[in-house]
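Asks: just a sequence and a predicted model for now, questions to come.
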Amino acid sequence: MVCCMGKAVPKNIKSKANALLKAYPDEFKGDFIQNKQELAKLGIPLAKEQRNLVAGFITRKVSKAKAS
């Protein structure tokens, strides 16, 4: 699965990320590498590319929330 150019994120990635943020609100931070490792710790069955997309979306969302 190859994502679109730019910041366009597929709906399935957004829904997975939002569900994870709702289920584990204190687990994710504004750091991509840490979020990627956290997804691996939680044992979420994702392909490498999907894991990176979910971790990136979560990172952007958490960073935006802290800035507001």
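Replies: Here it is on my side, so go on. Numbering: from 1, shown residues only.

Asks: any idea how far I33 lies from S68?
Replies: 23 Å (C-beta to C-beta, to the nearest Å). In short, each C-beta sits where N, CA and C put it, glycine included.

Asks: which element is the closest residue to F32 other than its chain neighbours on?
Replies: Spatial nearest neighbour of F32, excluding adjacent residues (C-beta to C-beta, 6 or more residues apart in numbering): T59 at 4.7 Å. Per DSSP states H and E, T59 falls inside helix 48-67.

Asks: quick one: contacts of the helix or strand harbouring I33?
Replies: For I33, the host element (DSSP H and E) is helix 32-42. Residues from elsewhere that reach helix 32-42 (C-beta atoms under 8 Å, 6 or more residues apart in numbering): 20, 24, 27-29, 46, 51-52, 54-56, 58-59, 62.

Asks: cool, stretch 51-68 as well?
Replies: Contacts for stretch 51-68 (C-beta under 8 Å, 6+ apart): 3, 7, 9-10, 13-14, 16-17, 20-21, 28-32, 35-36, 39-40, 44, 46.

Asks: tell me where the model's unsure across this structure.
Replies: 1-7 (pLDDT under 70).

Asks: could you rerun that using 90?
Replies: Within the chain, the ranges that satisfy pLDDT under 90 run 1-10, 25, 44, 65-68.

Asks: L20 reaches F28, doesn't it?
Replies: Yes - between L20 and F28 there is a contact at 7.5 Å, judged by C-beta atoms under 8 Å.

Asks: contacts only, for K22.
Replies: With contact set as C-beta under 8 Å, 6+ apart, K22 has no partners.

Asks: run the chain-centre distance for the helix or strand containing it.
Replies: Assigned by DSSP H and E, K22 falls within helix 11-23. In terms of C-alpha atoms, centre = their mean, to the nearest Å, the centre of helix 11-23 is set 7 Å apart from its chain centre.
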